[in-house]
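**Q** Sequence first, then the predicted structure:
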Amino acid sequence: MESVINFGVWSLLPLVLALITAFWTRSAIFSLFSGCLVGVMMMGYDPSASLWGIDPAGGLVKLIENSLGGEFIRICVIIIFIGILFELFKRAGVLVAFAQKVSRGGTSPRQVKFTAWLLGFLIIDDYFSPLMTGPIIRPLSDKAKISREKLAFILDATTASVCVLVPFMSWGAYIGGLIAKEGGPITSIDQAIGLFASSIPYNFYPILLIIFTLLICLEIIPDFGFMKKAETRAREQGKPLRDGAIPMISDEGDDIFVQKHEKAYLFYDFLLPIIIVFGTVILSYFVFGRLMILEAFIMAVIYLGLSLYLKKYVKNFSDLTEVGIKGAKSVMSALIITALAYCINTVTKDLGAAQFIMASSEDFMNPQLLVATAFFITATISFSTGTSWGAFALMIPFVLPIAYGFSGGVADDPIVYKALAAVVGGGIFGDHSSPVSDTSVLSSIGAASDHMDHVITQLPYALLIGFITILIYLVI
């Protein structure tokens with residue numbers, strides 16, 4: 001449904017309300033639901049109701065119908081199978097064996113955090129990376145007395161940030177398509193991807209964020225702000241989660257370090273399922289041109305379930321089904337928050353929030369401030385809507401023609417590289433820091449963190465890197 005009313009600054013009300021409520025209550029579900037409800041009342045999603053007689057229940061139903069399509073269902077199924085796979089790992093006892101194996105090389109907080117950073121850096125996919133790295137590292141980080149907030153930050157900082165630095169993956173293809181669509185001096189998709197690749201050295205936000213996160217992991221830069229408080233709690237009280245936190249994935253009171261069997265088959269029941277996941281994803285990309293993430297996790301779950309059944313680590317198929325149900329139940333909070341994030345994204349889009357932000361910035365766009373302004377506006381749009389790809393689609397057609405004008409219609413020019421990099425980096429800022437971003441939600445899922453605790457603790461870090469990025473763009 002497209003807005004027929006110009007809401008102006010009021011288009012930001014649902015998101016602003018959700019953010020304020022989230023910081024106040026620390027409840028992502030309640031705050032997102034509140035924002036959706038206000039958006040429904042503003043838009044009038046029930047076509048049978050007048051502007052002053054809106055049916056909230058009917059409007060929410062319409063919003064859900066409009067928002068939760070095939071992409072959402074696919075993400076939900078991926079999340080469910082992640083929960084099932086982790087539960088099967090627990091039943092196999094391989095997490096205990098893996099922790100013991102890694103501990104021989106040292107499991108200091110610094111080593112565990114660096115391992116999490118390295119895995120995130122090597123796994124180049126914004127969905128796959130946090131969902132795979134988180135469950136692997138989480139038992140070790142809990143044992144090392146690292147807060148779940150810190151683990152979620154590491155996962156979030158090494159997802160989309162890494163993706164945009166590799167031009168020949170799905171992100172590069174998407175951005176290249178947007179560049180090629182603009183035409184001008186770019187006449188083919190190959191030239192467009194080449195332009196994107198040339199802009200990467202100027203994409204300071206993801207580069208600085210990855211370096212900053214590494215220095216935080218190595219404890220060269222000390223924690224500050226809300227993250228320091230979370231780390232102090234975990235280190236001194238042994239609490240990876242604060243009292244009253246609602247983790248996105250629940251262990252339901254189980255101790256994952258309890259050895260359930262005399263022998264754990266680390267290769268067959270831990271390494272091989274991971275190889276199945278990685279192998280399927282990589283092979284599908286080169287053979288079919290797409291990342292078959294859901295199929296990869298389904299295959300791993302089927303394999304591991306049969307493996308446990310044949311080794312009698314589950315009593316029968318009913319017991320195996322119960323393990324699967326328990327894994328699915330553990331991610332219920334994640335599914336609800338993901339659904340509400342999709343709904344509030346639809347609300348902000350239909351109210352015209354992105355268009356309002358762009359229109360408000362047109363008057364002060366000039367050559368001197370183009371790059372810094374492009375970063376700031378894209379970051380604001382991405383943070384408000386929770387989608388970097390949507391922000392790219394809005395801002396690349398807006399910024400590139402201006403940059404071409406400054407370069408005399410030449411694509412191979414530093415001003416074009418900087419402007420494009422600023423748009424891409426601004427989108428990553430929102431993807432990294434917004435509470436309604438899918439990668440932020442998935443990072444909370446991977447770390448089994450309270451989602452709003454994750455957002456609140458990492459926001460000062462994101463704002464610092466964003467501020468430094470703007471300063472750099474103003475002086476180079």
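**A** Sure thing, it's come through. Numbers count the residues shown, from 1 in each chain.
**Q** so what's residue 10 up against?
**A** Going by CB atoms under 8 Å, 6 or more residues apart in numbering, residue 10 touches 42, 351. Using the backbone N, CA and C atoms, a C-beta is placed for each residue, glycine as well.
**Q** tell me the pLDDT at it?
**A** Listed pLDDT for residue 10 reads 83.
**Q** gap between it and residue 129?
**A** For residue 10, the distance to residue 129 equals 37 Å [CB to CB, to the nearest Å].
**Q** Over to residue 31?
**A** Distance, residue 31 to residue 129, using CB to CB: 26 Å.
**Q** Could you do residue 433 as well?
**A** 17 Å.
**Q** between those two, who's got more neighbours?
**A** residue 129 (26 against 23; other CB atoms under 10 Å).
**Q** Looking at this structure, which helix is longest?
**A** helix 451-475 (DSSP state H).
**Q** And that helix, what does it pack against?
**A** helix 13-25, helix 28-43, helix 148-157, helix 204-217, helix 225-237, helix 370-385, helix 414-433, helix 438-447 (3 or more CB pairs under 8 Å, 6 or more residues apart in numbering; DSSP states H and E).
**Q** Export these as a markdown table, with columns for mean pLDDT and distance to residue 181.
**A** As requested, these are exported to a markdown table (pLDDT from 0 to 100; distance: least, CB to CB, whole Å):
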| stretch | mean pLDDT | distance to residue 181 |
| --- | --- | --- |
| helix 13-25 | 75 | 28 |
| helix 28-43 | 81 | 29 |
| helix 148-157 | 95 | 30 |
| helix 204-217 | 96 | 23 |
| helix 225-237 | 95 | 40 |
| helix 370-385 | 86 | 17 |
| helix 414-433 | 91 | 14 |
| helix 438-447 | 88 | 24 |
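**Q** can you tell which of these is closest to residue 167?
**A** Of all the helices and strands packed on helix 451-475, it is helix 414-433 that lies closest to residue 167, at 10.6 Å by CB to CB.
**Q** In terms of pLDDT, where does residue 50 sit?
**A** pLDDT for residue 50: 41.
**Q** ditto for the one 5 residues further on
**A** In this prediction, residue 55 carries a pLDDT score of 70.
**Q** Provide the count of other residues in contact range of residue 359.
**A** Neighbours around residue 359, by other CB under 10 Å: 12.
**Q** actually residue 155, not the one I typed
**A** Burial of residue 155 is recorded as 32 neighbouring residues (other CB under 10 Å).
**Q** pLDDT weak spots in the stretch 251-400 of the chain?
**A** Low-confidence segments of the stretch 251-400 of the chain, defined by pLDDT under 70, span residues 251-262, 291, 334, 354, 357-358, 360-368.
**Q** Quick one: the helices in it, in order.
**A** Applying DSSP state H, counting those that start in this stretch to the stretch 251-400 of the chain gives helices spanning 266, 272-288, 293-310, 317-329, 332-351, 353-361, 370-385, 388-406.
**Q** what sits against residue 213?
**A** Residue 213 touches 117, 153-154, 157-158, counting by CB under 8 Å, 6+ apart.
**Q** 10 Å - rerun?
**A** 113, 116-117, 120-121, 153-158, 161, 221, 458, 461, 465 (CB atoms under 10 Å, 6 or more residues apart in numbering).
**Q** Which residues does stretch 184-191 contact?
**A** Counting by CB under 10 Å, 6+ apart, residues outside stretch 184-191 touching it are 173, 176-177, 179-181, 192-195, 400-401, 403-405, 407-413, 416.
**Q** picking up where we left off before, only the buried residues of the longest helix of the chain, if you could.
**A** Of the residues in helix 451-475, those with enough neighbours to count as buried (16 or more other CB atoms under 10 Å) are 451-462, 465-466, 469-470, 472-473.
**Q** next one: stretch 107-122
**A** Applying a neighbour-count criterion of 16+ other CB under 10 Å, the buried positions in stretch 107-122 are 107, 109, 111-117, 119-121.
**Q** And the residues you listed, which is the shakiest by pLDDT?
**A** residue 107 (75).
**Q** Now do the SS call for that residue.
**A** Classification of residue 107 by DSSP: H, G, I helix; E, B strand; the rest coil places it in coil.
**Q** Is it in contact with residue 114, as I believe?
**A** No: between residue 107 and residue 114 there is no contact under CB atoms under 10 Å: 11.4 Å.
**Q** Keep only those of the buried residues of stretch 107-122 that are in strands.
**A** Among those, none falls in strands (DSSP state E).
**Q** Please list the members of the residues you listed that lie in helices.
**A** Within these, residues falling in helices by DSSP H are 109, 111-117, 119-121.
**Q** Now the residues you listed in TSV, please, with extra columns for distance to residue 137.
**A** Putting those into TSV (distance: CB to CB, whole Å) gives the following:
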residue	distance to residue 137
109	12
111	11
112	7
113	9
114	11
115	6
116	4
117	10
119	7
120	9
121	13
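**Q** Name the nearest of those residues relative to residue 381.
**A** residue 120 (25.3 Å).
**Q** Ignoring the adjacent residues along the chain, who's closest to that closest one?
**A** With sequence-adjacent residues excluded and distances taken as CB to CB, 6 or more residues apart in numbering, residue 120 is closest to residue 158, at 2.8 Å.
**Q** got a list of what that neighbour touches?
**A** 116-124, 126, 129-130, 133, 206, 209-210, 213-214, 217, 432, 443.
**Q** run the last query once more with 8 Å
**A** Residue 158 touches 117, 120-121, 129, 133, 210, 213, counting by CB under 8 Å, 6+ apart.
**Q** Please convert those to TSV, extending it with distance to residue 306.
**A** Listed next are the contacts of residue 158 as TSV, based on distance: CB to CB, whole Å:
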residue	distance to residue 306
117	34
120	30
121	33
129	27
133	25
210	39
213	38
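**Q** for these, which one is nearest residue 59?
**A** residue 129 (36.0 Å).
**Q** Near residue 135, how many other residues are there?
**A** 22.
**Q** Am I right that residue 186 sits in a strand?
**A** No: looking at residue 186 with three-state DSSP, it is coil, so not inside a strand.
**Q** Measure how buried it is and give me the count.
**A** Counted by other CB under 10 Å, the residues lying close to residue 186 total 21.
**Q** For the residue nearest to it when sequence neighbours are not counted, give me its contacts.
**A** The shortest distance from residue 186 to any non-neighbouring residue, by CB to CB, 6+ apart, is to residue 192 (5.1 Å). In this structure, residue 192 makes contact with 175-180, 186, judged by CB under 8 Å, 6+ apart.
**Q** Counting neighbours, which of these end up buried?
**A** 175-176, 178-180, 186.
**Q** Mind picking the one among the residues you listed that's closest to residue 228?
**A** Using CB to CB, residue 175 is the member of the buried ones among the contacts of residue 192 that lies nearest residue 228, at 35.6 Å.
**Q** Figure out the helix or strand that the closest one lives in.
**A** Counting by DSSP states H and E, the element that carries residue 175 is helix 170-182.
**Q** Could you give me the buried positions within the helix or strand just after that helix?
**A** Sequence-wise, the next helix or strand downstream of helix 170-182 (DSSP H and E) is helix 189-199. Buried residues in helix 189-199, counted by 16+ other CB under 10 Å: 191-199.
**Q** I'm done for today, thanks for sticking with me.
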